[in-house]
Each structure stands twice: as structure tokens, then as C-alpha cells.
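Engineer: need a 3D model of the following:
(2 chains)
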There are 2 protein chains.
Amino acid sequence: MSQKHVFISAAQAMTEEFKGRTNHWLCRPEIANCKDLQICRATLPPGEGHDFHTHPELEEVLYVLEGQLEQWVEKEKKILNPGELAVIPAGVVHASFNPTDKDVMFLAILSPAAAKGPFAVDVSGEEPWKSLRKK
Amino acid sequence: MSQKHVFISAAQAMTEEFKGRTNHWLCRPEIANCKDLQICRATLPPGEGHDFHTHPELEEVLYVLEGQLEQWVEKEKKILNPGELAVIPAGVVHASFNPTDKDVMFLAILSPAAAKGPFAVDVSGEEPWKSLRKK
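Structural biologist: Sure, this is the predicted structure:
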């Protein structure tokens, strides 16, 4: 168990490598006294994404900080610019991609801070999600 | 009741004037299907602040987007730079000020999305909070 912090910057964050970039978990029970909020600053390089999935127990908001995010919520797609967000209720299928030639950075804000079951369930191999983006 | 949105930008946000600036509520039950998360993008002009208060039922994270925020959590103070945050459990006294000569913009992220009692309780007239910043 790491130390619990009130003020958190990259130095206190839990880091996670993803496709050559570093994601920063800035709020999580391991590093802060939180029970309702978990926050990750995530980066997607060009062409990469988080394919269709759900968080069965977690409500999520994605808030774009830099770049452009191709965001899907069920069958609805929108390019989100900095300052724009998507609201995803628990259990709702969603996906995020970077269709541009620059990195996109965003906050993934989830609640509550811990799930009893799996954090995420991958549905990217199932229809209609498997074929949705190719249409 | 406004329309509920999945994707939200400034145009869909609920706005609130504060000290000559506009705060944008980007996630709230009035505009989104959220029950666990509420998010406000707030701006403090130079010299202004949100004096010492609590949210009796809401956990809060403040994430700085631009500028520098003088953040208090109980008697602890830190200047937060962009990308840094403070984690404030429900009921814990805190305050935010802008001691610089430029605007500071930050996200206030609260959970759950609604409180049964008061959203906030002002304690700025009570000791030790009343005298804390003058020391």
C-alpha cells in the first residue's frame, strides 16, 4: 500500500504504460482517501484506442484535455475537442479512439472508487460493436 | 428540466456567473444521465476565492487546468499547478483562492451527483478557518 496523499501531482500518481505512453492514476484508493472517485489522465497516440467495453459497476465521464478524441457511446459517435466530455452510465458500451496524427490526452473520471466485480468487460469481439466502426 | 445529453460542451452546460467569470456545469443530473458524478469547470479571477466550506455529503476532487490555485484542505496549503489535484473527503473543510494576477481555471469533480442536505456549508466565519489565511 502506497502512502495516502491530499495533494497529488504526477510524482504521487500510479502510472501504467499503454501503447508507448504513460497513464497517470491521480486519484485512487491506493494513493488517496477516496471512496467515490477515481481519476486517470490517459494518453492515446495516433491510431490507438480503447476498444468497445463496459464498466459494469462504474459511471464514467471522459473529459478531453488536449487533442481530439473519437468517442463512442453505444452506437453514437462524436469527435470531442478540449473542454468537451462524454457521460457514460454504468454498464453502457463505449469506446475511445485517436483518429488524428497527434496524441490525445483526457481525464477518465469513474465512480465509485472501487468495483466488486471486474473493472471493465471487453465486448469488442461481439456484434454489433465488432463491425460498428468499419461501417 | 433541460434535455439530457451524452456528449457535452459549453453549449450544453449549465452556466453560473461568479465574480465576473462564467462557471460551466458540464455534468449534472439536469443535463446528463448521471447519478454518481457532477463536474463544474470553474474560473477564479485574481484575488478571488471560494472561502472555507464543507460539502457534508460529497467527496470532491479539484483538478487545475490553467493557472495556479492556492488550495487549502483543513490546515494544509498547497499551490496547485496545471495537472495537479486535491482530494477532499465528504465533510472536510477546504478553500480555494487565486493569489496570482491571472485567472485560474479548474475542474470541481463531486460525487455523488446529488445531495439530500445542503450542497455546501460555509465555515469561513468560524475559527480556526476565519484567521487561518491571515497567519
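Engineer: excluding chain neighbours, what is closest to A:Ile39?
Structural biologist: Spatial nearest neighbour of A:Ile39, excluding adjacent residues (Cβ to Cβ, 6 or more residues apart in numbering or on different chains): A:Cys27 at 4.1 Å. In this view, the C-beta of every residue, glycine as well, is placed from N, C-alpha and C.
Engineer: what sits against that neighbour?
Structural biologist: Contact partners of A:Cys27, counting by Cβ atoms under 8 Å, 6 or more residues apart in numbering or on different chains, are A:Ile8, A:Cys34, A:Leu37, A:Gln38, A:Ile39, A:Ala113, B:Val61, B:Leu85, B:Val87.
Engineer: mind listing what the fourth one touches?
Structural biologist: Counting by Cβ under 8 Å, 6+ apart, A:Gln38 makes contact with A:Trp25, A:Cys27, A:Arg28, A:Pro29, A:Ile109, A:Leu110, A:Ser111, A:Pro112, A:Ala113, A:Ala114.
Engineer: drop anything exposed from the residues you listed.
Structural biologist: For those, a burial check counting by 16 or more other Cβ atoms under 10 Å in any protein chain shown picks out A:Trp25, A:Cys27, A:Arg28, A:Ile109, A:Leu110, A:Ser111, A:Pro112, A:Ala113.
Engineer: which among those gets closest to B:Lys75?
Structural biologist: A:Cys27 (21.5 Å; Cβ to Cβ).
Engineer: shaky segments in chain A?
Structural biologist: For chain A, applying pLDDT under 70 flags the ranges A:1-2, A:135.
Engineer: where do the strands sit along it?
Structural biologist: A:7-8, A:14-18, A:21-27, A:38-44, A:49-54, A:59-66, A:69-73, A:76-80, A:85-88, A:94-97, A:104-111, A:121-122 (DSSP state E).
Engineer: chain B contacts on chain A?
Structural biologist: Within reach of chain B by Cβ under 8 Å from any Cβ of the partner chain, chain A has these residues: A:5-10, A:26-27, A:32-37, A:39, A:41, A:59, A:61, A:63, A:65, A:71, A:73, A:76, A:78, A:80-81, A:83-89, A:107, A:109, A:111-112.
Engineer: put the buried members of these into a ChimeraX selection.
Structural biologist: Those of these that count as buried under 16+ other Cβ under 10 Å are selected in ChimeraX with:
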select /A:5,6,7,8,9,26,27,32,34,36,37,39,41,59,61,63,65,71,73,78,80,83,84,85,86,87,88,89,107,109,111,112
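Engineer: distance of A:Gly125 from chain B?
Structural biologist: Distance from A:Gly125 to chain B, counting by Cβ to the nearest Cβ, to the nearest Å: 24 Å.
Engineer: give me the neighbour count for that residue.
Structural biologist: 9 (other Cβ atoms under 10 Å in any protein chain shown).
Engineer: A:Ala108 contacts A:Cys40, correct?
Structural biologist: Yes. Using Cβ atoms under 8 Å, A:Ala108 is in contact with A:Cys40, at 4.6 Å.
Engineer: and the contacts of A:Gln38, which is closest to chain B?
Structural biologist: Minimum distance to chain B across these is 3.6 Å, recorded for A:Ser111 (Cβ to the nearest Cβ).
Engineer: is the closest one bridged to anything, and to what?
Structural biologist: Counting by DSSP bridges, A:Ser111 forms beta bridges with A:Glu59.
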